[in-house]
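K.L.:
I would like the atomic coordinates for the input below:
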Amino acid sequence: MLWFIGFVLVFLGYVAWQNYHQTKHAILRNFPLLGYARYFLETIGPELRQYIISANNEERPFSRDQRSWVYASAKKDNNYFGFGTDNDLELSANYLIIKHSVFPLPESHDPKYSIPCGKVLGAFNQRPKAFRPNSVVNVSGMSFGSLSAPAVEALNRGVQIAGAMQSTGEGGISRYHKMGGDLVWQIGTGYFGCRNQDGTFSLEKFLETVQNAPVKAVEIKLSQGAKPGLGGVLPGAKVTEEISEARGVPVGQDCISPSNHSAFFDVDSLIDFIELLASKTGLPIGIKSAVGDLEFWKLFAKRMLERNQGADFITIDGGEGGTGAAPLAFTDHVSLPFKIGFSRVYAEFAKLGLHERIVFIGSGKLGFPEDALFAFGLGCDMINVAREAMLAIGCIQAQKCHTNHCPTGVATQNKWLMRGLDPTDKSARLANYVLTLRKELLRLCHACGVPHPAMISSKHFEILNDAFGTQSLETIFGYQSHWGVPSEADQAATRDIMKA
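P.N.:
Down below sits the predicted model:
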């Protein structure tokens with residue numbers, strides 16, 4: 001008996017040692033033996049849910065079906081589902097139906113499934129460094145500090161492989177953002193990376209940072225889906241030397257993001273700030289915001305038209321979005337969901353004929369083919385993914401982001417837990433996920449008879465209700481039929497882009 005116990009202990013020790021030194025699975029690396037329990041439960045998960053717990057589409061914020069699709073896509077596994085849909089199409093309210101064409105286009109054979117943006121970012125305002133983004137799918141803002149160093153590095157390497165861009169989040173540009181991927185530098189109320197000692201904006205430091213990083217565009221963050229209208233605090237215990245370097249704040253002291261900006265105070269001063277940054281750098285400058293009070297957007301569109309100045313791009317974040325920790329009341333009840341918020345903002349610019357001069361970016365649970373396509377139908381030119389990108393690099397939706405105990409090393413500064421996340425392996429998974437999402441987007445476009453998401457409009461969708469009826473997007477969102485439909489010249493240019 002003793003020899004058998006000894007054999008078991010030696011075997012378990014060998015397994016633990018082997019897992020401790022492998023880099024493919026973060027859970028097994030951090031929990032060399034206990035990690036197998038999760039994988040075992042995952043394999044019998046469908047049976048447990050079917051008879052005991054919940055269905056494939058009941059979990060939140062992401063269902064088991066959604067997470068399984070991201071994981072399979074990131075690992076290049078089979079991401080198909082068998083035996084038909086398990087959704088109740090006839091009794092589901094607000095259920096999306098994509099209207100395919102009788103004469104679909106052939107599938108793309110491009111191995112990277114390239115989808116350049118249909119618009120040139122910064123072209124209308126004649127920014128010297130205007131450019132056409134190579135990918136309509138990019139990684140949304142997640143700060144170094146909220147995410148671990150290996151996670152930020154994996155995302156940056158991944159977007160380089162996929163030919164996409166990474167938003168830095170408001171936490172500044174760290175050394176882990178400089179692994180080859182192009183950046184959209186997000187500037188929040190704390191002005192991290194471009195701040196004076198008193199926390200106000202420093203133009204000198206802003207220009208210095210732009211010169212020393214691969215910044216393709218700058219995004220002024222007004223608010224986000226997780227906690228719109230609220231500031232934030234990174235506790236001093238999390239402010240390491242590396243985070244201090246990226247943010248320009250003292251080591252070990254609480255890092256505070258105020259609820260409002262000090263560099264501007266109304267619509268006109270915001271436009272002035274945008275034009276200041278653009279004139280000094282030549283870069284496209286945009287804003288990011290969740291949607292609450294619509295009066296700001298009406299006035300912003302009006303003043304942009306009158307002044308012939310303003311944002312080159314607008315990123316709208318949905319209230320259902322958010323990677324960061326926030327009070328429950330804010331995550332559940334503050335700001336409109338993406339579809340409602342975006343459609344209201346887009347309508348204000350479309351009424352004034354400004355929608356063609358601005359690149360519209362959507363964010364908030366859009367990292368799935370059907371949701372991304374719907375966003376393009378509402379008027380988006382690109383989409384950003386955040387939590388879906390986290391899932392691709394190993395997040396298991398443990399919802400421990402606010403505790404510093406993320407078991408996969410994604411949203412923590414705990415060195416032991418961070419060790420489990422290998423940036424090289426996870427960067428490939430992020431790239432696989434982005435490429436697969438673009439592939440599925442193109443498949444849906446081609447099924448609808450168009451070559452590019454920019455040609456998707458409201459006519460390609462219907463919404464089912466729970467009384468065997470349907471409604472069009474025009475009816476639900478008050479859109480005019482020509483909004484979001486490119487001109488014949490733009491359609492020809494888009495076809496040329498896809499051929500190139």
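K.L.:
where does the stretch 251-400 of the chain have low pLDDT?
P.N.:
The stretch 251-400 of the chain contains residues with pLDDT under 70 at 322-325.
K.L.:
now do the strands in it.
P.N.:
Using DSSP state E, counting those that start in this stretch, the strands found in the stretch 251-400 of the chain span residues 255-257, 285-290, 313-317, 359-363, 382-385.
K.L.:
packing partners of the first one?
P.N.:
Looking back up the chat, that one is strand 255-257. If you count contacts as 3 or more C-beta pairs under 8 Å, 6 or more residues apart in numbering; DSSP states H and E, strand 255-257 packs onto strand 232-234. Quick note: C-beta positions are derived from backbone N, CA and C, even for glycine.
K.L.:
return the set of buried residues in the strand it packs on.
P.N.:
Buried residues in strand 232-234, defined by neighbour count with 16 or more other C-beta atoms under 10 Å: 232, 234.
K.L.:
ok, then the element right after that strand?
P.N.:
Next in sequence after strand 232-234, counting helices and strands by DSSP states H and E, comes helix 241-247.
K.L.:
what are the contacting residues of that following helix?
P.N.:
144-145, 149, 171-175, 190, 192-193, 234, 239, 249-251, 255, 413 (C-beta atoms under 8 Å, 6 or more residues apart in numbering).
K.L.:
so which of the residues you listed sit within helices?
P.N.:
Among the contacts of helix 241-247, the members falling in helices are residue 149 (criterion: DSSP state H).
K.L.:
just the buried subset of the contacts of helix 241-247, please.
P.N.:
144-145, 149, 171-174, 190, 192-193, 234, 239, 249, 255, 413.
K.L.:
okay, and the helix or strand of this structure with the least pLDDT?
P.N.:
helix 45-51 (a mean of 61; mean pLDDT, DSSP states H and E).
K.L.:
okay, now the residue nearest to residue 129 when sequence neighbours are not counted: neighbour count?
P.N.:
Leaving aside its sequence neighbours, residue 129 sits nearest to residue 282 (C-beta to C-beta, 6 or more residues apart in numbering; 4.3 Å). Using other C-beta atoms under 10 Å, residue 282 has 14 other residues around it.
K.L.:
now swap in residue 404 and tell me
P.N.:
14.
K.L.:
pretty sure it is touching residue 238, no?
P.N.:
Yes - when contacts are counted by C-beta atoms under 8 Å, residue 404 is listed as touching residue 238 (7.1 Å).
K.L.:
overlap of the contact sets of the two?
P.N.:
residue 413.
K.L.:
and the residue most central in space within the chain, what does it touch?
P.N.:
In the chain, the residue lying closest to the centroid (C-alpha atoms, centre = their mean) is residue 385, at 2.0 Å. The neighbours of residue 385, taking C-beta under 8 Å, 6+ apart as the test, are 137-140, 363, 366-367, 434, 437.
K.L.:
swap in residue 73?
P.N.:
With contact set as C-beta under 8 Å, 6+ apart, residue 73 has these partners: 79, 392, 432-433, 436-437.
K.L.:
one more: residue 470?
P.N.:
Counting by C-beta under 8 Å, 6+ apart, residue 470 has contacts 97, 462-464.
K.L.:
where does it fall, phi/psi-wise?
P.N.:
phi -140, psi 160 (degrees, to the nearest 10).
K.L.:
quick one: the residue nearest to residue 129 and residue 126 touch, right?
P.N.:
No - with contacts counted by C-beta under 8 Å, residue 282 stays clear of residue 126, the gap being 9.9 Å.
K.L.:
spell out, range by range, the helices that occur in the stretch 1-150 of the chain.
P.N.:
Secondary structure of the stretch 1-150 of the chain (DSSP state H, counting those that start in this stretch): helices at 2-21, 26-30, 35-43, 45-51, 64-75, 149-162.
K.L.:
could you identify the helix or strand that succeeds the last one?
P.N.:
Using DSSP H and E, the next helix or strand after helix 149-162 towards the C-terminus is strand 165-167.
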